[in-house]
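Novice: build the 3D model from these lines:
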Amino acid sequence: MSLLDIRVPAVLLRIDRNPFHHGTLGAVRSLGRAGVDVHVVADSTGSPVRKSRFVRQLHPPPAPGASPAEIVAVLRRVAARVARPAVLIPMDDASAIAVGRHREDLTPAYLLPQQPATLPERVADKAELAEVCAAAGIPYPRTLVPDSAEQAAAAAWRLGLPVVAKWSRPWLVPAGSGLRSTVVVRSAREARELYLRTEEAGSRLLLQEFLPPGTDRDWFFHGYADRTGTVRAGGPGRKQRAWPRGAGLTAVGLWTPNPQVEALAERLTDELGFRGIFDLDFRRCGTTGRYHLLDFNPRPGAQFRLFADSAGLDVVRALHLDLTHRPPAAGAPLAGRAFVVENYAPLSALRPAPRGRELAWSAPDDRGPGLAMWALWCRHVAGRLLARLCRPAPAEPGPHSPVVRQAGEPPMTGVPGEELSGVSSLSGLPLSGLPIAGQPDRSDDEKASSC
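Specialist: Numbering: from 1, shown residues only. The predicted structure is shown next:
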């Protein structure tokens, strides 16, 4: 007998075009192995996900840049084909926001957690999340929101270079623009020039204090808040390897007990009244030892399968159980379990894992996606190498002496825009070790995120 109610199908929605999104495959396998019919609404052209034997049906996704209303129209067409109520699981921030806004329009065709319609958008917006952190007493670095290019330059000096620059609504950053959702800014000039692209980015620019990376400092928490607000499934994990190094997605994660991280996650979701799957990123300050919130993703993180307990319960299955009114399974945490994204950490995938390990792509009961991934990945890497070889050599830079002023030091004389009249100050979320402003954009599979 299945743990889940297999009469109720699941629909996975992803707007992001990244073919290497292994979290989607994780959700397909988790539900499909339990006997649930899984429908995928995503761009699966060339994606290894389409090779999974657990996919019941693929459906065309919304067009790039689709409005929430257009996303709802696509979901209604899918609901007509499925022809029975289904659990709907957004797999990226843009889809979670659209589904949250239009929850009333999507029910009863879809089963969804009940919470304020704007809450997913509120926590995904970096500026609003900073205010949430301040109100809930969650540690955060100082954040400034400039209203002009000169204020951006001055804010960078005030916070202490280098600083972290973020677009408050990263899902609005247009593809192919060369803009990144988060970058490290190392000069006032870079901050000024970045601000000038605000209209193109589609949301406000935030500048935040920089927390340096280090051993045992990057943590995450995945969970599911049920209809009563109780956090079930999931747990705290430690990021052992990341791609790109120091700031990107989790290439190797380890399920590691951490009462402080768990308490922060439960306090935050309780304060907000959040219901559903969530993924939080933290960085521990090397000086104070406090855990600072980096990100709040109102959907499954790509490595959520790390937290499959002894009963096979993970956050996706917990959602399905809760929305179909079935009791959660009684399982025990599997501390020490590892999760490896093998195309980013191939050697880690080969090392012994005495406490258990799950690979993102390869699985003995579903070999198609793993084989397809390696074929696609080899073409991807070859294309990147060829592009670098054909790229013209950059012009020789002139003499330059970088100046770094840490927070708390007195401002340098003669720095234009040092006065910060009119600059908004917010709570913030540190990210470090990120791409430097002015560097070429990375492809979707390399974007710094919690994925």
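Novice: need the distance between the two termini of stretch 335-349.
Specialist: Stretch 335-349 stretches 18 Å from its first residue to its last (C-alpha to C-alpha, to the nearest Å).
Novice: hmm, I was thinking of stretch 199-215
Specialist: Across stretch 199-215, the terminal residues are separated by 37 Å (C-alpha to C-alpha).
Novice: could you do stretch 198-213 as well?
Specialist: Across its full length, stretch 198-213 reaches 28 Å between end residues, using C-alpha to C-alpha.
Novice: from the chain's centre, how far out does that stretch sit?
Specialist: Going by C-alpha atoms, centre = their mean, to the nearest Å, the spacing between the C-alpha centre of stretch 198-213 and its chain's C-alpha centre is 16 Å.
Novice: tell me how far Gly26 lies from Pro60.
Specialist: Counting by C-beta to C-beta, to the nearest Å, the separation of Gly26 from Pro60 is 22 Å. For glycine as for every other residue, the C-beta is placed from the backbone atoms N, C-alpha and C.
Novice: so where do the helices sit in the stretch 251-400 of the chain?
Specialist: For the stretch 251-400 of the chain, the helices defined by DSSP state H, counting those that start in this stretch occupy 259-272, 315-323, 346-350, 367-390.
Novice: can you list the residues that contact the third one?
Specialist: Applying C-beta atoms under 8 Å, 6 or more residues apart in numbering, the external contacts of helix 346-350 come out as Gln240, Arg241, Ala251, Val252, Ala338, Val340, Glu342, Leu359, Ser362.
Novice: among these, which one has the most neighbours?
Specialist: Comparing those by number of neighbours (other C-beta atoms under 10 Å), Val340 comes first, having 29 neighbours.
Novice: before we move on, the earlier item: will you turn the contacts of helix 346-350 into TSV that also has distance to Asp314 and pLDDT?
Specialist: Formatted as TSV, the entries for the contacts of helix 346-350 read as follows, by distance: C-beta to C-beta, whole Å; pLDDT from 0 to 100:
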residue	distance to Asp314	pLDDT
Gln240	20	94
Arg241	21	93
Ala251	19	95
Val252	18	97
Ala338	15	97
Val340	16	98
Glu342	19	96
Leu359	15	98
Ser362	18	97
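Novice: on that earlier part again, looking at Gly26 and Pro60, which one has more neighbours?
Specialist: The residue with more neighbours, out of Gly26 and Pro60 and counting by other C-beta under 10 Å, is Gly26; that gives 27 against 13.
Novice: can you tell me the element that one falls in?
Specialist: helix 22-33 (DSSP states H and E).
Novice: gap between the closest residue to Ala42 other than its chain neighbours and Thr143?
Specialist: Counting by C-beta to C-beta, 6 or more residues apart in numbering, the nearest residue to Ala42 once its immediate chain neighbours are dropped is Arg14, at 4.0 Å. Between Arg14 and Thr143 the distance is 29 Å, computed by C-beta to C-beta.
Novice: follow-up on the earlier one: in JSON lines, list the contacts of helix 346-350 along with distance to Thr198.
Specialist: Listed next are the contacts of helix 346-350 as JSON lines, based on distance: C-beta to C-beta, whole Å:
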{"residue": "Gln240", "distance to Thr198": "36"}
{"residue": "Arg241", "distance to Thr198": "34"}
{"residue": "Ala251", "distance to Thr198": "32"}
{"residue": "Val252", "distance to Thr198": "36"}
{"residue": "Ala338", "distance to Thr198": "41"}
{"residue": "Val340", "distance to Thr198": "39"}
{"residue": "Glu342", "distance to Thr198": "39"}
{"residue": "Leu359", "distance to Thr198": "41"}
{"residue": "Ser362", "distance to Thr198": "43"}
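Novice: re the thing from before, now the element after the helix holding Gly26, going C-ward?
Specialist: Proceeding C-terminally, helix 22-33 gives way to strand 38-41 as the next helix or strand, assigned by DSSP H and E.
Novice: tell me the mean pLDDT over the next helix or strand after that following strand?
Specialist: Using DSSP H and E, the next helix or strand after strand 38-41 towards the C-terminus is strand 55-59. Mean pLDDT, computed over strand 55-59, is 97.
Novice: parallel or antiparallel, which strands does strand 55-59 pair with?
Specialist: Sheet neighbours of strand 55-59, with direction, are listed as strand 38-41 (parallel) (DSSP bridges).
Novice: tell me which residues of the partner strand are tucked away?
Specialist: Val38, His39, Val40, Val41 (16 or more other C-beta atoms under 10 Å).
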